[in-house]
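>>> One predicted model, sequence on top.
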Amino acid sequence: MENPFHNRDVISMRDIARDELDMLFTTTDRIMKMSMQDRLDICKGKVLCYLFFEPSTRTRLSFEAAMASIGGISIGIASSKESSMEKGESLVDTVRAVDSYSDLIVIRHRLDGAARLAAEVAENPVINAGSGAEEHPTQAMLDLYTILKEKGSIDGLRIGIVGDLKYSRTVYSLLYALSKYSVDVHLIAPPLLRIRKESLYAIDSLSIREHDSIDEVIDMLDVIYVTRIQRERFPDVQEYEKVRHSYIIDARVLARAKSDAIVLHPLPRVDEVTYDVDSDARARYFKQVSYGKDVRAALLALIINATPPV
Ligand code: NCD
């Protein structure tokens, strides 16, 4: 298969086909088996520039760690306060400038559409690392890779997605990704946090059922994907107050889950997964973090190199 990622923007999970995901995951496995010396040659002399206008720990650092692991370097800004946008410079001008310093741009912005705008302006490829409440495609890539590694396959699974389905961008990218597989999805959220159906496009092929409480389905789920309440995206703080603490995954809830279920979370968690769950063998969210770096290294390798490095 030709490398479909070469020089390509990664803005939405909707744009990526299943065989392309398969190739990404195979490349991830292969890169992880390479010697350190060979790995460091993959992106030698290449520069990643990150523009993060919203807070991040994992996504930004995992991109940096991933780029370092394949021999490239990263430069960038980690908050809008650090950039000339604070002086009134536009996003478009900012992107044009950094485009000339780097081989690839990774952007996170509080507004839907910002990553796509950056991709239109930049000559080099742009990766969306979170655009408003819209999408976070590389998170979905690592979510799928984690499911694949931890469960052996994706097809045939019952996947529960729990929490703030209204504002969690990771959920929208994950649903687009899952729509390429044969899975049953259960969306579990209190009424005020239900999915924005009008923001989902062309996923009719996906079997989706909605529930108010996890108790209705916990005993049949293979994957329990929990999300944080996205407090910063609530237009009204009163609305946030109504839903905070409205769902919780703790040892009591997990007592009814399948013994081979896995618990995932894009992180950061606040209080929706209690700390006692961390010692349960089914908790895989920290493993998910580690897979994230590996998948991002493969994605960067494929975008930057015309021929797959392995
Ligand atoms: C997510 C995000 O930024 O959308 N974080 C992440 O990248 N792992 C989820 C969140 O902030 O809740």
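Thanks, I have it. Numbering: from 1, shown residues only.

>>> surely residue 296 meets residue 138?
Yes: counting by Cβ atoms under 8 Å, residue 296 touches residue 138, with 6.1 Å between them. Yep, even glycine has a C-beta here, placed from its N, CA and C like the rest.

>>> dump the residue contacts of the closest residue to residue 111 other than its chain neighbours.
Distances taken as Cβ to Cβ, 6 or more residues apart in numbering place residue 132 nearest to residue 111, at 5.0 Å, with adjacent residues excluded. Residue 132 sits next to 109, 110, 111, 112, 113, 114, 169, 233 when contact means Cβ atoms under 8 Å, 6 or more residues apart in numbering.

>>> With distance to the ligand and secondary structure added, can I get the residues you listed in TSV?
Shown next, in TSV, are the contacts of residue 132 (distance: Cβ to the nearest ligand atom, whole Å; DSSP: H, G, I helix; E, B strand; the rest coil):
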residue	distance to the ligand	secondary structure
109	11	strand
110	10	coil
111	14	coil
112	13	coil
113	16	coil
114	13	helix
169	5	helix
233	10	helix
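
>>> Out of those residues, grab the one that's most surrounded.
Comparing the contacts of residue 132 by number of neighbours (other Cβ atoms under 10 Å), residue 169 comes first, having 24 neighbours.

>>> Quick check on the nearest residue to that residue once chain neighbours are set aside: phi, psi?
Residue nearest to residue 169 in three dimensions, not counting chain neighbours: residue 136, with 4.6 Å by Cβ to Cβ, 6+ apart. For residue 136, the backbone dihedrals (degrees, to the nearest 10) come out as phi -150, psi 70.

>>> Ok, residue 152 next?
phi 90, psi -30.

>>> ok, now which ones touch the residue lying closest to residue 84 once chain neighbours are set aside?
Spatial nearest neighbour of residue 84, chain neighbours left out: residue 94 (6.8 Å); criterion: Cβ to Cβ, 6+ apart. Residues near residue 94 by Cβ under 8 Å, 6+ apart: 51, 83, 84, 85.

>>> would you list every one of the helices in the stretch 51-200 of the chain?
Shown for the stretch 51-200 of the chain, the helices assigned by DSSP state H, counting those that start in this stretch span residues 58-69, 91-99, 114-121, 137-151, 169-178.

>>> near the ligand, which residues of the chain?
Within the chain, the positions adjacent to the ligand are 58, 59, 130, 136, 139, 169, 170, 228, 266, 267, 268 by Cβ under 6 Å from any ligand atom.

>>> How much space separates the closest residue to residue 131 other than its chain neighbours from residue 57?
Of all residues beyond its chain neighbours, the one nearest residue 131 is residue 115 (4.4 Å), with distances taken as Cβ to Cβ, 6+ apart. With distances taken as Cβ to Cβ, to the nearest Å, residue 115 is found 19 Å from residue 57.

>>> The two: who's more crowded?
It is residue 115, of residue 115 and residue 57, that has more neighbours when counted by other Cβ under 10 Å, with 30 against 10.

>>> how near is the more buried one to residue 270?
25 Å.

>>> do the same with residue 112
Distance from residue 112 to residue 270, by Cβ to Cβ: 23 Å.

>>> Could you measure from the residue of the chain most remote from its centre over to the ligand?
Distance to the chain centre peaks in the chain at residue 87, reaching 30.6 Å (criterion: Cα atoms, centre = their mean). Residue 87 sits 26 Å away from the ligand, going by Cβ to the nearest ligand atom, to the nearest Å.

>>> tell me, which helix in the protein spans the most residues?
If you go by DSSP state H, the chain has its longest helix at helix 285-304.

>>> Could you check that one and say which residues are buried?
285, 288-289, 291-304 (16 or more other Cβ atoms under 10 Å).

>>> list the helices and strands it packs on?
helix 18-33, helix 58-69, strand 104-109, helix 137-151, strand 262-264 (3 or more Cβ pairs under 8 Å, 6 or more residues apart in numbering; DSSP states H and E).

>>> The third one pairs with which strands, parallel or anti?
It stands for strand 104-109. strand 47-52 (parallel), strand 126-131 (parallel) (DSSP bridges).
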